[in-house]
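**Q** Give the three-dimensional model of this entry:
(2 chains)
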Amino acid sequence: MSDQVAAVKLAAITKRFGSVVAVDNVDLEIADGEFFALLGPSGCGKTTTLRMIAGLELPTEGSLKIFGDEAGTLPPNKRPVNTVFQDYALFPHMTVEVNVAFGLKMQRVPKVEIADRVREAISLVRLEGLEQRRSQQLSGGQRQRVALARALVNRPKVLLLDEPLGALDLKLRQEMQGELKALQREVGITFVFVTHDQEEALTMADRIGVLNEGELLQVGTPAEIYEHPVNRFVANFIGQTNLLDATVVSNDTVCLANGAHIPGKSDLGVGARVAVCLRPERAEMQRPDEVPADHQSVVGRLESVTYLGNALVYTVVLDWARLEVRRENQPGGYRPYVGDEVAVSWTLDAISVVRA
Amino acid sequence: MTMASVRPEEQEAAAATPEYEKAANRAASRRGLLLSLPAYAYLVLFFAVPLGIVMIYSFATRNRFGGTDLSGWNLEAYRKLGEPIVRDILFRSLWLAILTTLICLAVSYPFAYFMATRSPLVRNVMLVFVMIPFWTNFLVRNYAWRVLLGNDGLFTNITEAIGLGERELLFTTSAVVIGLVYGSLPFMVLPLYASIERIDLSLVEASRDLYASGFQTFRRILFPLSMPGVIAGSILVFVPSLGAYVTPEILGGAKTTLLGSYIVTQFLTARNWPVGASLSFVLMAVMLVATVVYFRTGGRNL
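**A** As a prediction, the model looks like this:
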């Protein structure tokens, strides 16, 4: 992959609005054909990053290349990228068909070709029969498809999507997640999408970049990010997690806040303040006297049980921490009651040590 | 559900509800009528009745002594409008009103767009700037232009300074247009601002993203979407400009007679009330057409 030209390459990109640093010295390479998610809480700079790729904002510093060509200061109409806007931004005075044809018309594509490509794009997003409607006469899901068709019809080298599913209700959102993914495979275009929904990012993206307060904290596949978060913020933001405060004692031992030394690999240096990240579904639970020999454990009191149908979440309170344990709802097995003394345990490969 | 299965008291309630609603509606409309009575009375007394009188006069004949004969109705006064002198005045007024409207549009659009895309604070400050001239009497402002455009005024000084020689604008058609544009600018800016402000600016971004240049974005997105404001502003400028009296009188002098002045002359100097009345009616017809066009096109599109 390294010998290929990156679809999008940001080098030391910074964007300031007055004294506010929206994007802080970000380096990022997005490969050709990738489905890439920029993930972070609102105000983290992910939309600003996307808008800089689109040309709707100009970077304050740094270099931005699209397929090897410097694009940092090009206006949006001179870039081989198209955007699906958050609220779709469909032109209200035009029909679906005219909306979709707009980009081609502006590029002075011959009329015959426009007609063919518009028809093709409309059938790609399955909107046949709605060509003459106006955006006010469409449902949220349909508008989203028009926005997609309007962008894809131009065959951009990179498609940018700003919270593409944000305005849809849950059921439709889940449906569209699958469709978007399938669509991306079909057209083979690099997709860069912005979301604050970690589940959406995990489900759809090939790789995720996690941003917070303008900084790019971690880039990796969903599995890498979920299983080996670099710090407390990423661990917390992606999925549910238990974080136990600890200090590094040696490169394979940490000292928990209760004084217990447990095995835990880290290269952060002796004395570094860290957190042990234990995902609820990887934690196990036994009677305090039945903990297997190869497990580390802490003992606490069961405070509550949340019934989720397919799973149960147990909240265990220690005098220095609170842990959640998630168990599949299967018959048999250990089923403690609220108030019982229980041991929460784990094996070495179930945890990761992250920067605090 | 058949009626037989409904219990008697429910039937009664079902029947009673529409009756009650009807009565309530009747009472509401009676109240509405009563409340709007003063306004109606005012309109009838001071607008409809005088209008009727003007109409009657427009079909009458002027007698030898400058009075008006109401007997023997005819279309003589309307026929007079076809005469070259009157026709020229009509066309000149139309042309100046159209010119004024177009200049106002060209000047106001960038300003309104700029205003609509600023922060709320800046918008309000700019709105106040647009309004400030209104605090001074209209007549006074017109006389101020007389000073600016007149002999040894600011304008002449500028043309002299940049080597164009001594140019005097006062008492020319240009002076009238300048005065009319100045006076009607706010009536163009405000509706434009209101309609541009309502446009979602992400549409502009979407257009730019879809390979449109700045000008194409204006032509295909911004301008069509601001059409209600363009039409409203144009009518608010065009209609008063067409019948303008004060500005042409003060800045245009006697050389370029416009409709408003001509009508006044017919009534007061020439004492030809029928011609003054018929001209007023034609003027009103043109304005009516403009207003109908506005309501027909303004409501659509958005």
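**Q** what's the closest non-adjacent residue to A:Q296?
**A** Sequence neighbours aside, A:I262 is the residue nearest to A:Q296 in space, at 4.7 Å (criterion: CB to CB, 6 or more residues apart in numbering or on different chains). Bear in mind the C-beta positions are built from the backbone N, C-alpha and C, glycine included.
**Q** Please apply the same query to A:N236.
**A** A:L243 (6.9 Å).
**Q** can you pull up the bridge partners for the one you found?
**A** A:L243 forms beta bridges with A:C277, as assigned by DSSP bridges.
**Q** what sits against it?
**A** A:R232, A:A235, A:N236, A:A275, A:V276, A:C277, A:L278, A:V354 (CB atoms under 8 Å, 6 or more residues apart in numbering or on different chains).
**Q** what separates it from B:A194, distance-wise?
**A** The spacing between A:L243 and B:A194, counted by CB to CB, to the nearest Å, is 53 Å.
**Q** Then B:V130?
**A** Taking CB to CB, one finds B:V130 at 12 Å from B:A194.
**Q** ok so, going back, okay, and the residue nearest to A:Q296 sits in which element?
**A** Here A:I262 sits within strand A:261-263, counting by DSSP states H and E.
**Q** That strand pairs with which strands, and in what direction?
**A** For strand A:261-263, pairing defined by DSSP bridges yields strand A:253-256 (antiparallel).
**Q** Mind listing residues that contact the strand it pairs with?
**A** A:244-249, A:261-264, A:266, A:274, A:276, A:298, A:353.
**Q** Just the buried residues of the residues you listed.
**A** Buried members of the contacts of strand A:253-256, scored by 16 or more other CB atoms under 10 Å in any protein chain shown, are A:L244, A:D245, A:A246, A:V248, A:I262, A:G264, A:S266, A:V274, A:V276, A:V298, A:V353.
**Q** Same question for stretch A:89-104: list its buried residues.
**A** Under the neighbour-count criterion of 16+ other CB under 10 Å, stretch A:89-104 has A:89-104 buried.
**Q** and if you look at stretch B:114-126?
**A** B:M115, B:A116, B:R123, B:M126.
**Q** Next, check those residues against the helices and list the overlap.
**A** Among the buried residues of stretch B:114-126, DSSP state H puts B:M115, B:A116, B:R123, B:M126 in helices.
**Q** farthest pair in those?
**A** Greatest spatial distance among these (CB to CB): B:A116 and B:M126, at 9.7 Å.
**Q** What are the buried residues along whichever strand or helix holds A:T306?
**A** Counting by DSSP H and E, the element that carries A:T306 is strand A:296-307. Neighbour counts over strand A:296-307 (16+ other CB under 10 Å) mark A:Q296, A:S297, A:V298, A:G300, A:L302 as buried.
**Q** leaving aside the residues next to it on the chain, what's closest to B:Y262?
**A** Leaving aside its chain neighbours, B:Y262 sits nearest to B:I89 (5.1 Å; criterion: CB to CB, 6+ apart).
**Q** now for whichever strand or helix holds the one you found, which elements pack on it?
**A** Here B:I89 sits within helix B:84-116, counting by DSSP H and E. If you count contacts as 3 or more CB pairs under 8 Å, 6 or more residues apart in numbering or on different chains; DSSP states H and E, helix B:84-116 packs onto helix B:120-131, helix B:173-197, helix B:227-242, helix B:259-268, helix B:273-298.
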